[in-house]
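1. Provided below for reference: sequence and predicted model.
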Amino acid sequence: MAEQALPLRRYLAANAVVLAPSYIALAALYWDDDLAAGPALVAAAGIAVVSIVLVQRYLGSLARFARFVSELSGDQEPVMPRLKFAPATEELAAAAATLAAGWRRQRASIDNLAASAQAVVDGLPDPLIAVDRQRRIVRTNRAAVALLGPMVADRDLSTALRHPTLLSAIDSLLVVGDGNFIGPDHATVELVLSGAPEVDVIAHARRLPRAAADGSLALIVFHDTTALRRAERMRADFVANASHELKTPIAGLLGFIETLRGPARDDVQARERFLGIMAEQADRMRRLVDDLLMLSRIEQHEHSRPDAAVDLDRVLAGVQDLLQLKASSRKVAVELEIDPALPLAIGDYDELTIVFQNLIDNAIKYAKPNTTVRVTARSAVEGRVAVSVADEGDGIPATHLPRLTERFYRVDTARSRQLGGTGLGLAIVKHVVNRHRGRLDIQSSPGKGSVFTVTLPAGTGRE
């Protein structure tokens, strides 16, 4: 610890205070003729020398003590100074060092608690924002940053959320009258966060009984309901579409039955024609019901991953044989290109047959006459196997690609129904692939055909 020169004024004042009693005593002795002038001056000079030395040492000790305490308060850990000319000060320095060490331990503990609290808050899956009495942001978590973007502490909540309804609800929680809160202690607001895509959330705001140590007085928790809203809309669309798909053939059947019972009772030619149409409508309903039952069955155990080893060569060959007649009638060739070293896939044989039957059947339906549907199976990265089904049809506009796997979604409704489609094939494919922990990729360009690629987990080599 470097020595620093004492201020002259302080040094002179200290010496004056120390010398004053001695000089007063010498003056009194001299005045009463108890001490001669010569000895008095000598005594005064000796006392002055000794006092000056002692005062200098003492003031130096006090200065070192002051610097030591200053460094302790500045979060440093200085070496304890030697204060032998000020024993009491040395004891004070030791006490101050002990106090500072305890304070540092306590502050470290508080910092650890604060870090732990923030870690807990960051670990919450729902976005959370804490605001103080002035509606300023005090604390956020990672989920809130991911949802709303970076937020600056000590800024008003409106800088992060520009939703008047929510801000008004927060204000109602913080209204004070006569020193007490007069508003409700909680509020719930539904809002839509703009962006790509939009996010539906429910904001639950609650006022704390008292302000927290960091100033937090109200907590706002956001619950993302986008998936729930989407599921509700999909459920409503599903019911509406299923009802529509069944209502049309049922209405046709009832109309033909009434006609056969009435005007066409004895018309053999009309009866045969009507019965043929009725058979087509009944078959359409059968296919729709079969697909609905299959989709329901797959969804029930979608969380259960299959673990059997499946030879995709055998699956694809079986599907090719099954659809060969249909392909020939549409003048479409189905070619298989299978890697000889293709490993086995992990999955369910029957469900994978359904997947590739749907994909190849769709390719045959929408391919142009005198073209080829190419089915390619190869090894993929990260221990997976990929099967691609490529056609040379009209292709699909990019705006339709994200919705192709929705139930009853059709790019061309009239053509799909004419070709016997139920609108559920790709939905079934998606759910089966999800159950297999695989991936379905769709690439298509208008006029250039489409490529549907299924990637599945691979097992060991071929048997």
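-> Thanks, I have it. Fair warning: this is a prediction, and the values are worked out from it, not measured in the lab. Numbers count the residues shown, from 1 in each chain.
2. any idea of the mean pLDDT for the helix or strand hosting Leu253?
-> Applying DSSP states H and E as the criterion places Leu253 in helix 226-261. For helix 226-261, mean pLDDT is 74.
3. Mind checking what helix or strand follows it in sequence?
-> Downstream of helix 226-261, the next assigned helix or strand under DSSP H and E is helix 268-300.
4. Against which helices or strands is that following helix packed?
-> Applying 3 or more Cβ pairs under 8 Å, 6 or more residues apart in numbering; DSSP states H and E, one finds that helix 268-300 contacts helix 226-261, helix 425-435. Quick note: C-beta positions are derived from backbone N, CA and C, even for glycine.
5. List the buried residues in that helix.
-> Residues Phe274, Met278, Gln281, Arg284, Met285, Leu288, Asp291, Leu292, Met294, Leu295, Ile298 are the ones in helix 268-300 that count as buried (16 or more other Cβ atoms under 10 Å).
6. ok, back up a step: out of the helices and strands packed on helix 268-300, which is the most enclosed?
-> Comparing the helices and strands packed on helix 268-300 by mean neighbour count (mean count of other Cβ atoms under 10 Å), helix 425-435 comes out on top with a mean of 21.
7. Check what contacts it and list those residues.
-> 291, 294-295, 298-299, 301-306, 348, 351-352, 354-355, 358-359, 361-362, 404-407, 439-440, 454, 456 (Cβ atoms under 8 Å, 6 or more residues apart in numbering).
8. Strands of the protein, start to end?
-> 128-131, 137-140, 176-177, 180-181, 186-193, 199-207, 218-224, 308-310, 332-338, 345-347, 371-380, 384-390, 439-445, 449-457 (DSSP state E).
9. Adjacent strands (with direction) for the second one?
-> Note on strand 137-140: by DSSP bridges, its sheet partners are strand 128-131 (antiparallel).
10. in the strand it pairs with, what counts as buried?
-> Buried residues in strand 128-131, counting neighbours by 16+ other Cβ under 10 Å, are found at Leu128, Ile129, Ala130, Val131.
11. Which of those residues sits closest to Val176?
-> Nearest to Val176 out of the buried residues of strand 128-131 is Val131 (Cβ to Cβ; 14.6 Å).
12. Could you verify my assumption that that closest one touches Thr140?
-> No - contact criterion Cβ atoms under 8 Å: Val131 and Thr140 do not qualify, at 10.0 Å.
13. how deep is the nearest residue to Leu359 once chain neighbours are set aside tucked in, by neighbour count?
-> Leaving aside its sequence neighbours, Leu359 sits nearest to Val389 (Cβ to Cβ, 6 or more residues apart in numbering; 4.4 Å). By other Cβ atoms under 10 Å, 25 other residues sit near Val389.
14. cool, and the one 10 residues further on?
-> Other residues within reach of Thr399 by the criterion other Cβ under 10 Å amount to 8.
15. Then Arg105?
-> 10.
16. swap in Asp313?
-> Neighbours of Asp313 (other Cβ under 10 Å): 16.
17. Quick check: it vs Leu323, distance?
-> Distance from Asp313 to Leu323, counting by Cβ to Cβ, to the nearest Å: 16 Å.
18. For the closest residue to Gly393 other than its chain neighbours, report the pLDDT, please.
-> Distance criterion Cβ to Cβ, 6+ apart; nearest residue to Gly393, sequence neighbours excluded, is Tyr366 at 4.1 Å. On pLDDT, Tyr366 comes in at 84.
19. Likewise for Ser73?
-> At Ser73, pLDDT is 69.
20. In the stretch 201-350 of the chain, where is pLDDT below threshold?
-> Across the stretch 201-350 of the chain, the ranges flagged by pLDDT under 70 are 234, 236-245, 299-300, 302-303.
21. which residue packs closest to the residue nearest the centre of the chain, ignoring adjacent ones?
-> Most central residue of the chain, judged by C-alpha distance to the mean C-alpha position with Cα atoms, centre = their mean, is Ala143 at 5.0 Å. Excluding its sequence neighbours, the residue lying closest to Ala143 (Cβ to Cβ, 6+ apart) is Pro127, at 4.2 Å.
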